[in-house]
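Novice: Have a look at this fold, sequence not included:
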Ligand SMILES: O=C(O)C(=O)C[C@H](O)[C@H](O)COP(=O)(O)O
């Protein structure tokens, strides 16, 4: 299965912020125990690179990606650490080009028609729709589906158990991203059992969508 197909099969992309690399492996195992084998560790923290490396090495069943990749240098860091895919909040042509040079799939963030067309020009058929809620949510994606029938989206930002199914019901939505099952406060508190519980709930919801 391709990397993108694996994300599509999971239907969920947890957006993880790890402040301590020591939490990386327990977090990955907590997600797996909840039934999810895909995650994005964001470059919002200094521990991102080491966290990705630990998960890639110690939890090989997990398809690990890097998020909040803002510079070509971070593309290299992420890929060298073992990230199998990259996600960005916005569309940065230099970052997209560097990912292509490394041969690693990238899902850049867009939230309007211009962004979708920029991604299409780069040969991409999958984008992150960010920030999904504030940008117009489900009705906005429905509007984009008219002119851009082949584009697929990973809406992220403001998604929770309460609205997950509404997004996943759209044919254009490959998977939904979000932090609700991996909130930083839960990771900080070492509440990995709770993360497994929330993940299992999210997985069950996604399956029923
Ligand atoms: O860090 C990035 O690169 C982002 O694009 C932001 C995250 O994807 C969202 O913050 C997740 O949104 P919530 O699920 O509402 O917390």
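Specialist: Sure, I can see it. The structure displayed is predicted, hence computed values, not measured ones. Residues are numbered from 1 along each chain as shown.

Novice: Can you name every helix or strand that the helix or strand hosting residue 154 contacts?
Specialist: Element membership for residue 154, per DSSP states H and E: strand 152-155. Judged by 3 or more Cβ pairs under 8 Å, 6 or more residues apart in numbering; DSSP states H and E, strand 152-155 is in contact with strand 126-129, helix 137-145, strand 176-178. From N, CA and C alone the C-beta is placed, and that goes for glycine too.

Novice: Is the shortest one positioned near the ligand?
Specialist: It refers to strand 176-178. Yes - using Cβ under 6 Å from any ligand atom, strand 176-178 comes into contact with the ligand via 177, 178.

Novice: could you pull out the helices for this structure?
Specialist: 3-10, 24-33, 48-58, 72-81, 93-102, 113-121, 132-135, 137-145, 164-168, 184-188, 192-207 (DSSP state H).

Novice: Next, see if the fifth one gets close to the ligand.
Specialist: No - residues of helix 93-102 contacting the ligand under Cβ under 6 Å from any ligand atom: none, with a closest distance of 11.6 Å.

Novice: Now that helix: buried residues?
Specialist: For helix 93-102, the neighbour count (16 or more other Cβ atoms under 10 Å) marks 95, 96, 98, 99, 102 as buried.

Novice: can you list contacts of that helix?
Specialist: For helix 93-102, the external contacting residues (Cβ atoms under 8 Å, 6 or more residues apart in numbering) are 69-72, 74-76, 79, 86, 88, 105-106, 108, 118, 122, 124.

Novice: Kindly report the same for the first one.
Specialist: Residues lying outside helix 3-10 but in contact with it, judged by Cβ under 8 Å, 6+ apart, are 1, 13, 36-38, 63, 84-85, 105, 126, 152, 154, 174-175, 206.

Novice: Now do it: distance to the chain's middle.
Specialist: Distance of helix 3-10 from the chain centroid (Cα atoms, centre = their mean, to the nearest Å) equals 11 Å.

Novice: How about that helix and the ligand, touching?
Specialist: No - counting by Cβ under 6 Å from any ligand atom, the ligand is not contacted by helix 3-10; separation bottoms out at 14.0 Å.

Novice: To residue 48, which of the helices and strands packed on strand 152-155 lies closest?
Specialist: Proximity to residue 48, assessed across these by Cβ to Cβ, is greatest for strand 176-178 (16.1 Å).

Novice: one step back: looking at the buried residues of helix 93-102, which is nearest the ligand?
Specialist: residue 95 (11.6 Å; Cβ to the nearest ligand atom).

Novice: so how far is residue 66 from the closest one?
Specialist: 11 Å (Cβ to Cβ, to the nearest Å).

Novice: Kindly report the same for residue 115.
Specialist: With distances taken as Cβ to Cβ, residue 115 is found 20 Å from residue 66.

Novice: Between these two, which is the more surrounded one?
Specialist: For residue 115 and residue 66, the more surrounded residue by other Cβ atoms under 10 Å is residue 66, and the numbers stand at 28 against 19.
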